[in-house]
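**Student:** need the 3D shape of this:
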Amino acid sequence: MDNRINEIRRTIRALRVSMREAEAIMHEQVNRGEDCSFVAQEVMKMRSVMSLLAKERIALGDHEPIIVHSFFIPRRRPVRKPAAAPAPTAASVFRPRVVARV
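**Tutor:** You can find the predicted model right below:
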């Protein structure tokens, strides 16, 4: 029975990582305005498999949390728009120039 629990935990870990990667791909497709229905269907299939595995794991008596180390997928940072430069004033344009004398 312990082997089955370990196998389920391994499968759940792998499914979690795959789901995160698929969701990231789906979000990129949405941002580009592409059709993401295929990836969305795959994510839904993974969720249904995950649900069945979780129910089986709990039925076998395993209530420990499953930790995934590579759960975080870094995102690209949004492009920052440069701040507008302040308009030059008369005082900044017509400053007296300091010249070193020899």
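**Student:** all helices of this protein, in order?
**Tutor:** Under the criterion DSSP state H, the chain contains helices at 2-32, 37-59, 90-93.
**Student:** what's the closest of those helices to Ile67?
**Tutor:** Proximity to Ile67 (Cβ to Cβ) singles out helix 2-32 among the helices of the chain, at 8.4 Å. (C-beta placed from N, C-alpha, C; glycine too.)
**Student:** which other helices and strands contact the closest one?
**Tutor:** helix 37-59 (3 or more Cβ pairs under 8 Å, 6 or more residues apart in numbering; DSSP states H and E).
**Student:** burial of Asn3, as a residue count?
**Tutor:** 7 (other Cβ atoms under 10 Å).
**Student:** looking at the helices of the chain, which is closest to Pro65?
**Tutor:** helix 2-32 (10.2 Å).
**Student:** now mean pLDDT and distance to Ile67 too, for the helices of the chain, in TSV please.
**Tutor:** Formatted as TSV, these follow (pLDDT from 0 to 100; distance: least, Cβ to Cβ, whole Å):
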stretch	mean pLDDT	distance to Ile67
helix 2-32	90	8
helix 37-59	92	14
helix 90-93	66	58
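**Student:** in CSV, list these along with distance to Pro65.
**Tutor:** Shown next, in CSV, are these (distance: least, Cβ to Cβ, whole Å):
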stretch, distance to Pro65
helix 2-32, 10
helix 37-59, 11
helix 90-93, 60
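**Student:** excluding its backbone neighbours, what's nearest Ala54?
**Tutor:** Distances taken as Cβ to Cβ, 6 or more residues apart in numbering put Ile12 closest to Ala54, at 7.1 Å, once the chain neighbours are dropped.
**Student:** let me see the contact set for that neighbour.
**Tutor:** Met50, Leu53, Ala54, Arg57, Ile66 (Cβ atoms under 8 Å, 6 or more residues apart in numbering).
**Student:** how much space between the second one and Ile5?
**Tutor:** By that I understand Leu53. With the distance defined as Cβ to Cβ, to the nearest Å, Leu53 ends up 11 Å from Ile5.
**Student:** same question for the last one.
**Tutor:** For Ile66, the distance to Ile5 (Cβ to Cβ) stands at 11 Å.
**Student:** list residues touching both of those two?
**Tutor:** Shared contacts of Ile66 and Ile5, defined by Cβ under 8 Å, 6+ apart, are absent.
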